[in-house]
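> Structural data only, the sequence is not supplied:
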């Protein structure tokens, strides 16, 4: 029998530069007539008690979707860990659920499955695995690790999976839902996904 799940906050990472998207802000690229960020909010908001958006551009546009919008506290687009650190410093809960802005089909039980694995294995971090690849920006992280993460970034390191392995981590099998981790990095990928869904 599982103990009661503690409250968690989700952060949607929309702070990147969108280089592979021709510099477009990925979270605002539309899929089926709605920005990607709207699909992600719809999937993740029911799973958590608080929700944040991490964005370094177009903050007024993101603010229209409702959740608080936080830019990185660190300069120069230092990657997903910078957005995670910013959120860890702001959230009122002991757990932070991390998701990207470009994965429109997140599992409805993502947070619960990650937390169960974390609780069973007594770890500080739980990371999704789609059956083929680790999905490091789909993770549940103990917010008490904020100081450690700040030190890691302060040393000039940026690799998210490398930081994870420095802590008690459990890899969580989502091979039953690989489509949930399909993300959109280019306009061609957006068009392909949109075409596939129209043909279903």
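That came through fine. The structure presented is a predicted model; accordingly, all values stated were derived computationally and were not measured.
> Starting from the strand of greatest length in the chain, tell me which strands it pairs with and how they run.
Longest among the strand segments of the chain by residue count, using DSSP state E, is strand 134-142. With DSSP bridges as the test, strand 134-142 is paired with strand 95-100 (antiparallel), strand 125-129 (antiparallel).
> List the buried residues in it.
Within strand 134-142, the residues that count as buried by 16 or more other Cβ atoms under 10 Å are 135, 136, 137, 138, 139, 140, 141, 142. Where C-beta positions appear, they are placed from N, C-alpha and C, glycine not excepted.
> Read off the pLDDT value for the residue most central in space within the chain.
In the chain, the C-alpha nearest the mean C-alpha coordinate belongs to residue 99, at 1.5 Å (Cα atoms, centre = their mean). pLDDT, the model's per-residue confidence, is 97 for residue 99.
> Point out where the chain drops to low pLDDT.
Residue ranges of the chain with pLDDT under 70: 1-3, 16-23, 75-78, 185-200.
> what are the ranges of the strands in the chain?
If DSSP E is used as the criterion, the strands of the chain fall at 8-14, 30-31, 34-35, 50-55, 69-70, 95-100, 125-129, 134-142, 169-173.
> returning to that earlier point: distance to residue 29 for the buried residues of strand 134-142 - can I get that in TSV?
Putting the buried residues of strand 134-142 into TSV (distance: Cβ to Cβ, whole Å) gives the following:
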residue	distance to residue 29
135	20
136	22
137	17
138	19
139	23
140	26
141	26
142	32
